[in-house]
Every structure is written in structure tokens, then in C-alpha cells.
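Engineer: Dropping the sequence and predicted coords here.
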Amino acid sequence: MCLFDRLFYGKNYNSRKGVRHIYIFIDVYFGYNFLIDLSVIFATGEILNKKSKWYRMILAAFAGAIYSVLTLFLKENIMAENEIPEPPDWSDARTFFLEPDLWHEPYELDASESHHLTRVLRIREGEDVRVLDGRGREGRFRVLPYKKNAKAVALRLLDEWTYPEPESKVILAAGWTKAARRGWILEKAVEFEASGIWLWQAERSQFPVPSDIKESWQGQLAAGAKQCRNPWLPELRTMPGGVDELIALAEELGCEHRHVLVESGHKSVMSLTPDTLGQPGRTLCVVGPEGGFTAQEVEKLTRAGFLPATLGERVLRWETAAVLCLGLHWWKRQLGGK
């Protein structure tokens, strides 16, 4: 066990691949430098036949080791950008989820993830796993010894990466509707790398939208992230205040591109394409509930700067329109590399 556990670390960007965190244990680093300096000083004295007192050699080696440690904090980067290796291929590693607030030592999976590791996948101690936190961070961990039916499996961090946020982000604002396809939409939103999901109270919503986020929804997002290995989870919000709350939040966040999905017969309507959805910045797409928008809702949105848009002549289900918006944006990102 190191005396100063991860007292210092450096991080370097590696193009689109992300940021690699390099951990240096200060006591080990100091000890290595002290021993090397002392060996070099002693060997130099023997070669030149110049004897020095031991306390002087120890003081000189100590000063050299202190200087080596200080240089770590003076440097902006440990390695040049072009020297950072590509992230390792963890395609064969099982993926788990760890809340960002729990991403610290001691690293422990919660009861649900621990059950999945021990009882479902039956991963043994000493095996390596991949862990995401949903905020762009992923790590390679080693499973530590655990007891049968353990409710919290301990892990040891081996390597860590942080991926930069994408330049082009898409937020899906879906009118509150039945729960039948809601979980499916949440999983698809993660797969298509949505930045946010807003569930807003429409006038034609059949049920009131809850004011709090349900834990099961977050679990569905985490399950989708583990399946597709997306290091970023969309931010989930509910809006009981309806279209007025939606417009206010769009203004607060400064969403540069705003679209409201209407039927093709609406005046001044534009067609959504990968080019219109894949612009840098935040793109907000508003989809109505099963019953569609009311005329008042469309009027409020267009007055607030939302552009009426369509996905074609056919009348699509709300979940189809939502997934198609996300898919067009995702496809543009794949083509444009953003």
C-alpha cells in the first residue's frame, strides 16, 4: 500500500479517443529517485577514487529526489500529446456501472451490479472488468476477493480514461405519454448518444408527468450504456410546467438550434436532415405526445424561436419520430467525426 495514494496524476488528451489519467505514487517515485541518485553518486566516487562521507551522499541523493518530485508539479503535462498511446481495447471485458459520486476509493459496485457480477456473469476474483460512470469516464478494474452472495464487490483501479464531451449535442424533449415504450426510448437515446432527455407535460398527455426522476429510469439508462458502451449518459429531466417550462430551460441553456416536429402540412415547415441536426452546439428537438401538439403549444414554441420541422409525409408514432431525430443526429456525427 502506497503512503500517498494517488497524490498526483497527470492527464493528456489523445485526439478523439479521450484523456488518459496517469497515476504516480509520490512515495514510490521519491524512493526510486533517491536510490538511483545515491547509487550514481557512490559509483562516481568509486570511479574517480574520491571518497565522500555517507551523510553527504545521502543528503545529495535526498535533494535530487526532492527535485524530481517537484518537477512533476511544475510540468503541465507528463507526456507529449503524440506520445499518448491509444486507449486499450476492452471489447472482451464485461461492462458495469458506477455512480460518479462513488468513483473513489474504496471502489465498490452497488448491490445490483454486484449481483450481476457474482451470480449472473459469475466473474471470478482477479478478472478485469470495464466500469463506466456516465460522465465520460471509464476505467479498467480488477475484481478483488469477495464472499458468496456479496452485496458490494470491491474493485482495484488499473487504468482510467476520460472522454471529452462531443461538440455537437442533441436533446430530445418528448411529450409525456404511456409507459409502454418509454423504457425503449431511454435505451435508444443512450445508444444514439443523446445529450439530454426532457419529458414534458403536454396538454394532450394522458397522465401527469412526475416531478421527480424515477430510479428505474436511471437504471434503464445505465443498462443501455453498458450494452452499447457509451461513456456518456443523457441528462434526464421532467417538466410538469409544460411547454412554458420547456421554453424557459431552452433559453437558460442557450440551445442554439431548436426544432418542433409537426405534420408536413404546417406552413413554413422544413425537413429534418443529418445536416440540420448535426450542427455544433446544442440541438433541441421537441416531439409531441401520442395525441400530438395543440395549436397553442406550436404557436408558443414558434414564437420562442423553434423552427417547425417534419420527417416526411407519413404520420409517425411519437417513439418513431423521437428515435429518427436521434438517429439522424448520430449519423451526422459518424460522418463528420464530431
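Structural biologist: Happy to help now that I have it.
Engineer: Going by C-alpha atoms from here, please, whenever you check contacts or count neighbours.
Structural biologist: Fine.
Engineer: This structure - how does it break down into domains?
Structural biologist: 8-83, 95-162, 168-336 (automatic domain parsing).
Engineer: Adding mean pLDDT, write the ones you listed out as JSON lines.
Structural biologist: Listed next are those as JSON lines, based on pLDDT from 0 to 100:
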{"stretch": "domain 8-83", "mean pLDDT": "70"}
{"stretch": "domain 95-162", "mean pLDDT": "92"}
{"stretch": "domain 168-336", "mean pLDDT": "88"}
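Engineer: want to try CSV for the ones you listed, with mean neighbour count as columns?
Structural biologist: Formatted as CSV, those follow (neighbours: other Cα atoms under 10 Å):
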stretch, mean neighbour count
domain 8-83, 15
domain 95-162, 17
domain 168-336, 18
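Engineer: Leaving out chain neighbours, which residue sits closest to residue 38?
Structural biologist: The spatially closest residue to residue 38, leaving aside those adjacent along the chain, is residue 61, at 5.0 Å (Cα to Cα, 6 or more residues apart in numbering).
Engineer: got it, and residue 225?
Structural biologist: Distance criterion Cα to Cα, 6+ apart; nearest residue to residue 225, sequence neighbours excluded, is residue 190 at 6.0 Å.
Engineer: Please, which helix or strand holds the one you found?
Structural biologist: Residue 190 belongs to helix 182-191 when assigned by DSSP states H and E.
Engineer: Which SSE is immediately downstream of that helix?
Structural biologist: Scanning onward from helix 182-191 (DSSP H and E), the first element met is strand 196-200.
Engineer: ok and the very next helix or strand once past that next one relative to helix 182-191, angle-wise?
Structural biologist: Next helix or strand after strand 196-200 toward the C-terminus (DSSP H and E): helix 215-228. Per axes from the mean of the first three to the mean of the last three Cα atoms, to 10 degrees, the angle that helix 215-228 makes with helix 182-191 is 40 degrees.
Engineer: quick one: contacts of helix 215-228?
Structural biologist: Residues from elsewhere that reach helix 215-228, judged by Cα atoms under 8 Å, 6 or more residues apart in numbering: 95-97, 132, 134, 183, 186-188, 190-191, 231-234.
Engineer: One more pass at 10 Å, please.
Structural biologist: Around helix 215-228, the neighbours that count as contacts under Cα atoms under 10 Å, 6 or more residues apart in numbering are 94-99, 112, 130-134, 182-193, 229-236.
Engineer: cool, and stretch 48-67?
Structural biologist: Under the contact criterion Cα under 10 Å, 6+ apart, stretch 48-67 has outside partners 29-46, 68, 70.
Engineer: what does stretch 109-120 give?
Structural biologist: Identification of contacts with stretch 109-120 by Cα under 10 Å, 6+ apart yields 94-99, 102-103, 108, 121-125, 129, 131, 143, 146-155, 219.
Engineer: now, which of the residues you listed lie within strands?
Structural biologist: Among those, the ones falling in strands (DSSP state E) are 95, 96, 97, 108, 129, 131, 143, 154, 155.
Engineer: In terms of helix, strand or coil, where does the residue nearest to residue 255 when sequence neighbours are not counted fall?
Structural biologist: If the residues on either side of it in the chain are set aside, residue 255 comes closest to residue 282, at 5.0 Å by Cα to Cα, 6+ apart. Remark: residue 282 carries the secondary structure label strand [criterion: DSSP: H, G, I helix; E, B strand; the rest coil].
Engineer: Need phi/psi at the residue nearest the centre of the chain.
Structural biologist: With the centre of the chain defined as its mean C-alpha position, the nearest residue by Cα atoms, centre = their mean is residue 136, 2.3 Å away. Main-chain dihedrals, residue 136, degrees, to the nearest 10: phi 90, psi 0.
Engineer: Also residue 158?
Structural biologist: Dihedral angles of residue 158 (phi, psi; degrees, to the nearest 10) stand at phi -110, psi -40.
Engineer: and it, what does it touch?
Structural biologist: Listed by Cα under 10 Å, 6+ apart, the contact set of residue 158 reads 23, 128, 129, 139, 140, 141, 142.
Engineer: how about TSV for those, with distance to residue 52 added?
Structural biologist: Written out in TSV, the entries for the contacts of residue 158 read as follows (distance: Cα to Cα, whole Å):
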residue	distance to residue 52
23	36
128	50
129	52
139	48
140	48
141	47
142	47
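Engineer: what's the closest of those to residue 297?
Structural biologist: Using Cα to Cα, residue 139 is the member of the contacts of residue 158 that sits closest to residue 297, with 44.4 Å.
Engineer: Report all helices and strands that the helix or strand harbouring the closest one contacts.
Structural biologist: Assigning secondary structure by DSSP H and E places residue 139 in strand 137-143. Packing contacts for strand 137-143, counted by 3 or more Cα pairs under 10 Å, 6 or more residues apart in numbering; DSSP states H and E, involve strand 18-24, strand 95-97, strand 128-132, strand 154-162.
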